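# Give me a 3D structure for the following:
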Amino acid sequence: MKNSFIVVTGAGSGIGRAVVLACAAKGARVAVLDVDESSAVSVASEAMAAGAPVAIALHCDVRSEESQSAAFDQLVSGQGLFDGVFANAGIEINAPLHTMTIEQWQKVIDVNLTGVFLTCKHALRHLVQSEAHASIVCSSSPSAFVGFAGGGNGAYASSKGGISALVRSTALDYAAAGIRVNGVVPGATDTPMMLVGVPVESQSEAIRQIREAATEQIPLGRLASPDEIAAAVVWLLSKDSSYVTGSNLVCDGGLMAKSANTF
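The predicted structure is shown next:
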């Protein structure tokens with residue numbers, strides 16, 4: 001991966017940040033895209049310290065075609081064509097469907113699904129024009145395949161199910177061009193998203209409860225670290241996975257393999 005050029009959306013924190021730093025440690029040039037530009041700048045600085053020869057921070061609202069198009073054009077103009085893209089930006093809003101507003105639903109779909117579509121579209125636009133090979137990885141979720149016991153996950157699950165379907169169809173469309181498209185399916189990961197919607201004053205107790213539930217429900221008995229998910233993403237981005245396309249790589253500590261039945 002040394003000297004390759006990797007683009008990551010939603011790179012200002014969590015799994016996106018971990019992927020940037022893992023690529024940087026392998027000597028890759030990295031582009032850190034996030035709607036929070038200050039977070040992107042901070043992660044880019046960390047990436048340089050970790051070994052990246054180049055680390056570019058860009059504001060990018062993945063919901064906006066104009067923002068995505070401009071970001072990819074700027075990156076290609078300045079650094080040349082990229083070797084890998086991690087379409088990772090995402091949000092979570094939980095509510096039972098009968099109480100969820102259309103605005104909440106649309107925001108989740110816009111960021112998680114339309115955002116991934118636009119990232120893939122503008123990455124592919126440059127790759128096809130240049131007849132270049134590359135790897136695109138999209139961030140999915142176990143909720144694309146199974147229901148969550150906690151409930152209220154309809155919008156998020158729908159967006160992630162769409163991503164996994166998009167991965168399969170896009171992989172087939174572009175395989176002949178040498179462009180690989182895969183999904184990564186992270187399980188419960190120790191990132192700020194785990195505490196979405198939890199009041200600040202309640203977060204210590206929420207963290208305790210989350211860790212307790214993970215110990216009981218996840219076969220490996222713990223949450224994933226962002227670095228563990230990043231290792232899977234880096235493998236999919238690299239030439240080590242050169243014969244893998246159209247796949248969803250599950251990294252969930254065994255959660256999806258476990259039946260809820262106790263009889």
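# going forward, measure contacts and count neighbours with C-alpha atoms only.
Noted.
# quick one: residue 244 is in a strand?
No. With DSSP: H, G, I helix; E, B strand; the rest coil as the criterion, residue 244 is coil rather than part of a strand.
# Make sure it is actually in contact with residue 180.
Yes. Using Cα atoms under 8 Å, residue 244 and residue 180 qualify as a contacting pair, with a distance of 7.2 Å.
# Please identify which of these two sits among more neighbours.
In terms of neighbours (other Cα atoms under 10 Å), residue 180 is the more surrounded of residue 244 and residue 180; the figures are 28 against 16.
# counting contacts, what elements does the helix or strand hosting that one pack onto?
Taking DSSP states H and E as the criterion, residue 180 maps to strand 179-186. With contacts defined as 3 or more Cα pairs under 8 Å, 6 or more residues apart in numbering; DSSP states H and E, strand 179-186 has these neighbours: strand 134-139, helix 154-174, helix 226-237, strand 248-251.
# so can I have a markdown table of these showing mean neighbour count and distance to residue 217?
As requested, these are arranged in a markdown table below (neighbours: other Cα atoms under 10 Å; distance: least, Cα to Cα, whole Å):
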| stretch | mean neighbour count | distance to residue 217 |
| --- | --- | --- |
| strand 134-139 | 26 | 22 |
| helix 154-174 | 20 | 19 |
| helix 226-237 | 21 | 19 |
| strand 248-251 | 20 | 15 |
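# how about those in CSV, adding mean pLDDT and distance to residue 49?
Compiled in CSV, the helices and strands packed on strand 179-186 are given as follows (pLDDT from 0 to 100; distance: least, Cα to Cα, whole Å):
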stretch, mean pLDDT, distance to residue 49
strand 134-139, 98, 25
helix 154-174, 97, 33
helix 226-237, 98, 17
strand 248-251, 97, 28
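# distance of the residue nearest to the spatial centre of the chain from residue 186?
Nearest to the geometric centre of the chain sits residue 88, at 2.4 Å (Cα atoms, centre = their mean). For residue 88, the distance to residue 186 equals 11 Å [Cα to Cα, to the nearest Å].
# if we can go back for a sec, which among the helices and strands packed on strand 179-186 is found nearest to residue 220?
Shortest distance between residue 220 and those, using Cα to Cα, is found for strand 248-251: 11.1 Å.
# Would you mind pulling the contact partners of stretch 131-140?
Contacts with stretch 131-140, where a contact means Cα atoms under 8 Å, 6 or more residues apart in numbering, come from 82-89, 116, 120, 127, 160-161, 163-164, 167, 177-186, 233, 236-238, 248.
# Can you find the helix or strand in the chain with the smallest mean pLDDT?
Taking mean pLDDT, DSSP states H and E as the measure, the helix or strand of the chain with the lowest value is helix 203-217, at a mean of 70.
# wait, is residue 58 part of a helix?
No. With three-state DSSP as the criterion, residue 58 is strand rather than part of a helix.
# Check the burial of it by counting its neighbours.
Applying other Cα under 10 Å, we find 24 other residues in the vicinity of residue 58.
# What's opposite it in the beta bridge?
Each beta-bridge partner of residue 58 is listed here, defined by DSSP bridges: residue 33.
# any idea how far residue 12 is from it?
From residue 58 over to residue 12 (counting by Cα to Cα), the distance is 10 Å.
# re earlier: the residue nearest to the centre of the chain contacts residue 9, correct?
Yes. With the criterion set as Cα under 8 Å, residue 88 and residue 9 qualify as a contacting pair; they are 5.3 Å apart.
# Are there residues contacting both of these two? Which ones?
Shared between the contact lists of residue 88 and residue 9 (criterion: Cα under 8 Å, 6+ apart) are residues residue 16.
# mind showing which ranges of the stretch 1-150 of the chain have poor pLDDT?
Along the stretch 1-150 of the chain, segments meeting pLDDT under 70 span 149-150.
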